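J.: give me coordinates for this.
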Amino acid sequence: MSILSALNPAQRRAAETINGPLLVLAGAGSGKTRVLTYRIASLVNEIGIAPWKVLAVTFTNKAAGEMRERVQTLVGDLASDIWIGTFHSICVRLLRYEAEGFGLDSNFSIYDEDDRRAVIRRVLKANNIDERELTPRQVIGQISQAKNAMLDPTEFARQAGEAPGKRQMAELYTAYETELRRNNAFDFDDLLIEVVRQFNRHPEILKKYQERFEHFLVDEYQDTNKPQYMLCRQLSAHHRNICVVGDDDQSIYQFRGADIRNILDFERDYPDANIVRLEQNYRSTARILSAANAVIGNNQDRKGKELWTEGPEGDPIKVVECDTDRREARHIIDTIRRQTGSGGYGLSDTAILYRTNAQSRPLEEELQRSGFPYIIVGGIRFYDRKEIKDILSYLRVLVNPIDDVTLRRIVNTPRRGIGDTSLERLQIFAQEHSLSLFAALEQVNEVPNLGGRATKSLSEFSSLLRNLIAAKETLDLPELGNEVVEKSGYREMLREENTPEAEAREQNIDQLMAEMTEYFDTNEENSLETYLEEKSLMSSADENGEEGNAITLMTMHSAKGLEYPLVFISGMEENLFPTARAVDESRVNPQAIEEERRLCYVGMTRAREKLNLSYALRRYAYGNMIECEPSRFLSEIPTELIESSSEIDRGFARSRQQRGGPPTRKVKPVPKPTPKGVHYEWDEPPQVMQNAAEFGEFVDSDDFLAVGQWVRHPKWGRGQIVEREGHGEKMKLSIRFQTQVKRVAVAYAQLEPA
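T.: Below you'll find the model as predicted:
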């Protein structure tokens with residue numbers, strides 16, 4: 001019996017369509033990972049493809065690990081020869097394997113956001129630019145945007161022309177890249193674009209991998225950006241057996257550079273492509289699916305599919321109107337209490353989703369009053385904690401001693417009496433003699449104007465590093481980790497501090513040591529280099545593990561790929577969801593609302609059994625109580641699928657009626673989108689994308705340029721937005737500062753959230 005007999009008819013079609021390009025449109029909960037793993041198993045076990053000729057890529061280590069485990073269950077030890085990993089890990093593998101041919105040093109460091117920020121700060125300082133005038137986050141955003149558009153510093157400078165701001169950014173980009181190369185380092189964007197560029201420069205190396213990988217599988221194709229798209233095209237060009245799996249209705253990462261056109265235009269790229277739709281859902285009830293289908297059906301730019309299930313019809317979608325966000329939070333917690341008390345659900349069965357992180361405040365306060373345990377996805381990750389980054393930085397320097405950025409992090413941690421002035425003099429000496437900081441340490445006695453204490457401390461630090469580098473050759477990974485913790489004085493520093501916080505930090509280090517031991521015991525490739533590479537490539541999605549019996553709170557972006565029996569989506573209000581920015585941009589770019597609607601679809605399809613949607617008529621935000629209207633997405637759900645109710649205080653209802661509004665009401669309709677069949681063409685204003693890069697993490701969370709928001713201006717300080725007009729590069733704001741109201745142009749104001 002074929003291994004594919006375990007699949008439903010559509011899944012089986014997707015798994016057994018072997019030759020040529022294949023697009024698998026996999027709806028939420030339709031078993032896409034199952035299709036990918038069974039397809040790989042069939043290729044190896046039944047078709048007879050050598051396992052090392054199969055390449056499968058996805059977006060998180062967690063997803064790649066799950067795929068690898070499932071494949072191993074199906075094909076056994078052969079799974080170890082299949083290339084399965086994230087885009088970034090596969091690219092790192094290629095860069096290290098082909099370093100000599102590419103002209104690279106294989107011991108390169110991988111810089112995270114903190115490292116990037118440190119480099120940018122040094123570049124700004126070297127160019128005498130005040131961080132209050134141009135923040136590191138703005139510079140990083142512009143450089144990242146340029147890299148994801150495959151623009152190197154030379155091309156970026158050419159396109160910049162003579163515009164002063166762009167010319168300055170081009171100079172900073174050039175200086176940033178120079179610093180990375182001097183430190184033998186790549187940032188996360190580089191890992192992708194460097195492989196694409198090197199393949200273009202070395203067609204003979206590209207040809208080797210094109211011929212090797214007979215079958216190329218790509219998960220979550222709707223989330224690919226330009227470099228990932230180009231890499232897919234490069235690697236699949238010879239055999240053309242490329243299978244991409246994704247869901248255009250779940251494309252929600254445009255702010256990170258994802259391009260929905262990659263999946264929508266797959267047939268343009270591959271005219272002979274086969275298309276298989278996976279529409280049978282194994283997660284949600286029929287009513288939840290019908291509601292989600294109805295909402296997403298209002299999008300114009302989509303391939304189109306209709307989720308269905310053989311499962312139960314399920315309960316109606318609960319839509320609850322509340323007078324305030326505080327009442328909304330209380331209603332949600334009361335409902336959870338009832339459901340977990342007599343409804344047969346546990347706290348861990350429950351998720352509360354919201355559009356922006358700022359919405360968690362009233363929910364957290366009510367949860368604290370209730371005594372319910374809860375976790376917030378997106379807090380400080382384990383590997384982002386200072387003590388963990390410090391120890392890993394020591395280990396990174398042992399592998400790549402010329403990495404000045406990482407060495408600067410540890411040179412005075414724990415404190416060794418090496419001040420900023422002494423370190424700056426060492427840095428100047430290193431630059432004047434074309435040395436790395438590590439090499440300059442060997443000549444510390446020749447550094448001018450360096451005090452005796454600093455010279456002694458730097459010499460001792462240099463000796464410490466030399467001894468640890470020597471120990472690296474004889475100790476295994478966990479032994480080396482413990483050596484670093486002890487010999488660096490880090491553990492002694494925490495014990496001398498003798499505080500509960502220091503004790504917790506020491507416990508985190510102990511956990512890191514235990515994790516190193518587990519890694520060493522369970523991985524064939526268990527060197528320091530492979531361990532650091534894995535840690536460098538970890539994303540926040542890889543750390544969302546089991547947290548016991550607790551309610552989960554998170555943004556809808558964070559919820560993608562997860563599922564819960566009970567789901568609450570709070571804040572279903574216009575200008576919150578969809579955001580005010582999306583509403584404004586939609587006047588020239590309908591995609592702004594369409595991405596918000598896809599996000600709503602993602603949120604709704606996280607629910608397995610019960611879906612609760614709520615909104616407030618008044619919400620405390622930006623220091624004021626503001627009036628709210630129900631989200632347009634609520635009006636897109638057929639009324640026969642909804643059970644509506646109100647949580648309205650009588651006093652509020654009377655006051656609302658006196659002001660001319662009804663005491664309570666059903667969901668207020670909003671204008672329907674343009675009828676289906678209308679084709680949109682638009683050019684997005686350049687400043688819209690520039691803002692998306694400059695404001696980084698805020699693009700997918702708070703609309704911090706909304707009326708009522710508090711912002712910070714480099715000259716006038718903190719102020720509150722009182723009026724907004726225009727959009728994109730023409731947006732203007734009136735901001736009330738302490739003594740005056742100023743009108744500013746967003747394109748030039750360099751505003752930040754306050």
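
J.: contacting residues around residue 486?
T.: residue 492 (CB atoms under 8 Å, 6 or more residues apart in numbering). Quick note: C-beta positions are derived from backbone N, CA and C, even for glycine.

J.: what helix or strand is it on?
T.: Using DSSP states H and E, residue 486 sits within helix 477-487.

J.: ends of stretch 492-509, how far apart?
T.: End-to-end distance for stretch 492-509, by CA to CA, to the nearest Å: 12 Å.

J.: tell me which residues of that stretch are tucked away?
T.: By neighbour count with 16 or more other CB atoms under 10 Å, stretch 492-509 contains the buried residues 493, 494, 505, 506, 508, 509.

J.: where's the third one, which helix or strand?
T.: This means residue 505. Element membership for residue 505 (DSSP H and E) is helix 500-522.

J.: what's that helix packed up against?
T.: Applying 3 or more CB pairs under 8 Å, 6 or more residues apart in numbering; DSSP states H and E, one finds that helix 500-522 makes contact with helix 386-399, helix 477-487, helix 490-497, helix 528-536.

J.: ok, residue 489 - how many residues close by?
T.: Neighbour count of residue 489, defined by other CB atoms under 10 Å: 15.

J.: meant to ask about residue 361
T.: If you count neighbours by other CB under 10 Å, residue 361 ends up with 14.

J.: repeat for residue 334
T.: Neighbour count of residue 334, defined by other CB under 10 Å: 13.

J.: if I look at it, how far off is residue 56?
T.: Taking CB to CB, to the nearest Å as the measure, residue 334 falls 45 Å from residue 56.

J.: could you do residue 577 as well?
T.: Applying CB to CB to residue 577 and residue 56 gives a distance of 35 Å.

J.: pLDDT of stretch 315-330, averaged?
T.: Regarding stretch 315-330, the rounded mean pLDDT is 93.

J.: stretch 518-537 too?
T.: On average, stretch 518-537 scores 85.

J.: for stretch 355-372, same thing?
T.: The average pLDDT within stretch 355-372 is 84.

J.: so which bits of it are buried?
T.: Using 16+ other CB under 10 Å as the test for burial, stretch 355-372 gives 355, 356, 357, 358, 359, 360, 362, 363, 366, 367, 372.

J.: run through who's touching it.
T.: The contact list for stretch 355-372 (CB under 8 Å, 6+ apart) reads 325-326, 328-330, 332-333, 336-337, 347, 352, 354, 374, 376, 378, 550-551, 553, 555-556, 570-571, 576-577, 579, 599, 620-621, 701-703.

J.: centre of the chain to it, how far?
T.: 23 Å (CA atoms, centre = their mean, to the nearest Å).

J.: could you export that stretch as PDB, CA atoms only?
T.: C-alpha atoms of stretch 355-372 as PDB (Å, rounded to 0.1, in the frame of the first residue of the first chain):
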ATOM      1  CA  ARG A 355      -4.200  43.900  17.000                       C
ATOM      2  CA  THR A 356      -1.600  45.900  19.000                       C
ATOM      3  CA  ASN A 357       0.600  45.100  22.000                       C
ATOM      4  CA  ALA A 358      -0.700  48.200  23.800                       C
ATOM      5  CA  GLN A 359      -4.200  46.600  24.100                       C
ATOM      6  CA  SER A 360      -2.900  44.000  26.600                       C
ATOM      7  CA  ARG A 361      -2.800  46.500  29.500                       C
ATOM      8  CA  PRO A 362      -6.500  46.400  30.600                       C
ATOM      9  CA  LEU A 363      -6.600  42.600  29.900                       C
ATOM     10  CA  GLU A 364      -3.500  42.000  32.100                       C
ATOM     11  CA  GLU A 365      -4.900  44.100  34.900                       C
ATOM     12  CA  GLU A 366      -8.200  42.200  34.900                       C
ATOM     13  CA  LEU A 367      -6.300  38.900  34.700                       C
ATOM     14  CA  GLN A 368      -4.200  39.900  37.700                       C
ATOM     15  CA  ARG A 369      -7.300  40.800  39.700                       C
ATOM     16  CA  SER A 370      -8.900  37.500  38.800                       C
ATOM     17  CA  GLY A 371      -5.800  35.500  39.900                       C
ATOM     18  CA  PHE A 372      -5.700  33.600  36.500                       C
END
